[in-house]
Structure formats: C-alpha cells, structure tokens
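Asker: model the structure of this input:
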Amino acid sequence: MGTLPQSPLEVRLATTLFLLLLGLADLFGALQVRNFAAFTPKGVAATVAPEIHREMAMACCQTSAAKEKPVDLATLDSPRHQINRELLVQDTHVHVPAYAMTAAFLALIVFGLSLSRRARVAFVSVAFAAPFFDFLGLWGAHLDPAAGTLFGAMTIGGGFAMGLTYLAVLSLVLKQCWFPTGEKRRNADA
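Answerer: Here you go, the predicted structure:
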C-alpha cells in the first residue's frame, strides 16, 4: 500500500498511460451519451422508455391531425435514438463488466497511492457504486417510466461520479508519481 510513487519509472509510466487512455475512452463515451441520449434526467428517461409507453404518450397527445404543430428546423433531420429492451440488455452485458474492470483497475491504483485507509475505502466504494447506480437508473427508467426522471438523474449521477473518481485518481497519480514534494521527492530521487 502506498508504494506507487516510489515505484520504478516503468510502473509509474504504465499507470499514467493507462489512466490517460482510459480518460480518452471516457471522453468519447461521454460524447456518445450526449449524441444518443442526453445529460438530463428527462432525456435519459425518454431514451430508454419502453416503446409501448412512447406509443401511449404519443396517442394521448394527438388531439387532431389538422392542428398546426411548430417544427424546429434544426432538429428536423436529427433522428432520435431509442434504446429498446434488447439493446439495454446488450449494453448492460457489455458495459457492466467493462465498468467492473475499470473500477478494479482504479482500486488497484488507489491501493498504490499514499492515502489514508478511509480515502482508499471511499475511492473503492464510489468506483464500484457509480456503475451500479448508472445501470440501476437506466433499468429503472425503462421499467418504471412514471419515475423515469428520478431514475435518469440516478444514471447521470452514477456516470458523473465515475468520471470524478477517475479525475481524482489521475490527479493523485500525476501529483504523487511525477511531481512529488519535500521528503517524497528526496525518496523518489534516491
């Protein structure tokens, strides 16, 4: 525990490069979410709402075919992405193991940093809880559209919690492994 900052150059380099590539993947993951869903609870809920719920919502809102409806030209050619149950099962099957491996790798890196036990427990807990809440929110919004906004907020919260955990671990690795201060600098130079 806590020996990563004093590790050989190649260990610190591999850790840092892993985190940077993970960050690149997370950045594109965030862009994908923005492109196909939304960063709003309502947007997430609408993206994963079951098709039956959408059809019922559309039927209740259509009072007359002769009524004028405003058209937003900017969104006219933008298809709305929907995640049906089959795609949600596939996303869960692929993303939950990837999230678990990411959380495990972050935990291993946290174990190597100079942190208190309480801080390590907090990092590990958030790293594993974030994906749980992310997918609990997606499935909750799909299974209970009436509470979709609440579940959408849970999804967004889980995603941002994982992102913040990643950024905190990256910052600590950069600080402790590459920019040590005082006594730590003397020990690293030895």
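Asker: what segments of the chain are helices?
Answerer: Applying DSSP state H to the chain gives helices spanning 9-36, 41-48, 51-61, 85-112, 117-143, 148-173, 182-189.
Asker: worst mean pLDDT among the ones you listed?
Answerer: Per-stretch mean pLDDT for the helices of the chain is lowest at helix 51-61 (a mean of 50).
Asker: just to check, residue 180 is in contact with residue 4?
Answerer: No: using C-beta atoms under 8 Å, residue 180 is not in contact with residue 4; the gap is 11.2 Å. C-betas here are computed from N, CA, C, even on glycine.
Asker: neighbour count: the two, which is higher?
Answerer: A count of neighbours by other C-beta atoms under 10 Å puts residue 4 above the other of residue 180 and residue 4, at 20 against 17.
Asker: how many neighbours does the residue nearest to the more buried one when sequence neighbours are not counted have?
Answerer: In space, and not counting its chain neighbours, residue 4 is closest to residue 112: 3.0 Å by C-beta to C-beta, 6 or more residues apart in numbering. By the measure other C-beta under 10 Å, the count of residues near residue 112 is 21.
Asker: now residue 122
Answerer: So residue 122, with other C-beta under 10 Å, has 15 neighbours.
Asker: okay, it and residue 132: tell me how far apart.
Answerer: 16 Å (C-beta to C-beta, to the nearest Å).
Asker: OK, contacts around the nearest residue to residue 11 once chain neighbours are set aside?
Answerer: Nearest non-adjacent residue to residue 11, counting by C-beta to C-beta, 6+ apart: residue 4, 7.2 Å away. Neighbour list for residue 4: 11-12, 15, 109, 112-114, 173, 176-177 [criterion: C-beta atoms under 8 Å, 6 or more residues apart in numbering].
Asker: as TSV, these with distance to residue 98 would be great.
Answerer: What follows is these, written out as TSV (distance: C-beta to C-beta, whole Å):
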residue	distance to residue 98
11	24
12	25
15	19
109	17
112	22
113	23
114	28
173	21
176	26
177	25
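Asker: can I get the buried part of these as one PyMOL selection?
Answerer: A single PyMOL command selects the buried members of the contacts of residue 4 (16 or more other C-beta atoms under 10 Å):
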select buried, resi 12+15+109+112+113+114+173+176+177
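Asker: got a list of what the most centrally placed residue in the chain touches?
Answerer: Of all residues in the chain, the one closest to the mean position by C-alpha atoms, centre = their mean is residue 159, 2.9 Å from it. For residue 159, the contacting residues are 30, 33, 130, 134, by C-beta under 8 Å, 6+ apart.
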